[in-house]
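Colleague: Below are the sequence and a predicted model; questions follow.
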Amino acid sequence: NLICVTSWLIANKLSLNIEKTNFIIFHPRQKTIRHKIRLLINGQELEQVKCIRYLGVYFDCNLTWKSQCSIFVRKIKRSVGIISKIRHFVPMTILIQLYYTLIFPYLSYAVTTCGNTYMSTLKPLTILQKKAIRLITFSDFNARSSPLFFNLEILKFTDVVFLQNALFMHDFHSNVLPPVFLDFFNSVSNIHQYNTRLASKNAYYIPKIRTNYGKFNIRFTGVKIWNSIQENFKTEKRIKFKKLVKDSILNSYSDIWCTLLPICPSSLNFVSVVVVVIFSVLFFNVKLFIHFVILAISVLYLIYIIR
């Protein structure tokens, strides 16, 4: 293939800058390359690298997307610093525009590929996004983020990945993707002729996987996301579909307890509460259990009144 490339360059009177040309070998991180591979063009050796950039996406040799996330983290940190300094002088509408200008492009670019990875890899981006939202709303550094996202109508980073995957599946379902994606997914009705629940819906067959590479592949994650979406959403146009999915995600952020109390019950240690209740009933007496319930209700009511 390199000989063909060289012949094509010579035929078209083009020159290749060897100093800017390199190659990468993709392999699982459990497998190491024991011998060195040499590639030559016109007698000049190409450099082997562990990470390359192509169309703004950083591919590492193990396809873990850690390089992509670490580079985006550095860029988002600068944007968060800008918002923290300018927020005292502009209204919130301008801060939201700055968020969508300086931060959101890094959270939404190519997430159908690099967003489907380990949560530990995506965690720094999630933390920075929450920090930016708390700065925009002048909230405490440990304030619960779900009500803030709901009030600003901004999706969390993990839900941005969910929405972009859903839009990709909607484009495939609407036959607007390039021909290379035509055989990416198979409808359940094409797999078997049984009248199952999935076959009666616009669902796709979930392929079998054995590794995390398969789990993070769009052929698996995209199908799972598409099958989880409400059936009446799938027949809508792309703009209406996007709005319906986004609204359903935002509605999941709204928790009446989170809006009434400074500490959301979901953040409390419910396991400890359950253990105390069980021990109170079994080893003590019912009267103590009743006192415990009255005390808990009183504390919640006082917190609500104070706030």
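Modeller: Alright, I've got the coordinates.

Colleague: Could you use CA atoms for every contact and neighbour count after this?
Modeller: Noted.

Colleague: what's the burial count for the residue nearest to I154 when sequence neighbours are not counted?
Modeller: Nearest non-adjacent residue to I154, counting by Cα to Cα, 6 or more residues apart in numbering: L250, 7.8 Å away. Residue neighbour count, defined by other Cα atoms under 10 Å, stands at 21 for L250.

Colleague: what do you get for Y253?
Modeller: 19.

Colleague: Over to N142?
Modeller: 9.

Colleague: Kindly report the same for the one 10 residues further on.
Modeller: Here the count is done by other Cα under 10 Å, and L152 has 15 residues near it.

Colleague: I'd say the residue nearest to I154 and E153 touch.
Modeller: Yes. Using Cα atoms under 8 Å as the test, L250 is close enough to E153 to be in contact (6.7 Å).

Colleague: who's in contact with the residue nearest to I154?
Modeller: F149, F150, E153, I154, L155 (Cα atoms under 8 Å, 6 or more residues apart in numbering).

Colleague: so how far is T121 from it?
Modeller: 24 Å (Cα to Cα, to the nearest Å).

Colleague: next one: P179
Modeller: 32 Å.

Colleague: out of the two, which sits in the more crowded spot?
Modeller: Taking neighbours as other Cα under 10 Å, P179 and T121 compare with T121 leading, 19 against 8.

Colleague: S67 is in contact with the more buried one, correct?
Modeller: No. Counting by Cα under 8 Å, T121 stays clear of S67, with 9.6 Å between them.

Colleague: contacting residues around N217?
Modeller: T113, N116.

Colleague: For the remainder of this discussion, apply numbering that starts at 49.
Modeller: From this message on, residue numbering opens at 49, which makes the last subject N265.

Colleague: Spatially nearest residue to V159 (excluding sequence neighbours)?
Modeller: V209 (5.7 Å).

Colleague: Not including adjacent chain positions, what is the nearest residue to V208?
Modeller: S156 (6.7 Å).

Colleague: Number of residues surrounding that neighbour?
Modeller: 16.

Colleague: Quick check: it vs W56, distance?
Modeller: Relative to W56, and taking Cα to Cα, S156 is found at 37 Å.

Colleague: Give me the contacts around stretch 63-79.
Modeller: 57, 92-100, 108-111.

Colleague: try 10 Å
Modeller: 53-54, 57-58, 81, 85-90, 92-100, 107-112, 261 (Cα atoms under 10 Å, 6 or more residues apart in numbering).

Colleague: next one: stretch 89-96
Modeller: 50-51, 53-54, 64, 66-73, 84-88.

Colleague: Sort out which of those residues are in strands and list them.
Modeller: Residues from the contacts of stretch 89-96 lying in strands, with DSSP state E as the criterion: N70, F71, L88.

Colleague: Could I get the buried residue list for stretch 275-289?
Modeller: Within stretch 275-289, the residues scored as buried using 16 or more other Cα atoms under 10 Å are N275, F281, K282, F289.

Colleague: how far does that stretch stretch from start to finish?
Modeller: First-to-last residue span, stretch 275-289, Cα to Cα: 14 Å.

Colleague: backbone phi and psi for Y252, please?
Modeller: phi -120, psi 160 (degrees, to the nearest 10).

Colleague: ok, it touching I239?
Modeller: Yes. Look at Y252 against I239 with Cα atoms under 10 Å: they come within range, at 9.2 Å.

Colleague: Please identify which of those two sits among more neighbours.
Modeller: Y252 (24 against 11).

Colleague: which residues does the more buried one bridge with?
Modeller: S235 (DSSP bridges).

Colleague: I'd like to know how far it sits from I342.
Modeller: For Y252 relative to I342 (Cα to Cα), the value is 51 Å.

Colleague: need the contact list for K123.
Modeller: C117, L150, I151, Y154.

Colleague: tell me the SS of the second one?
Modeller: Read it as L150. Secondary structure, DSSP: H, G, I helix; E, B strand; the rest coil: L150 is helix.
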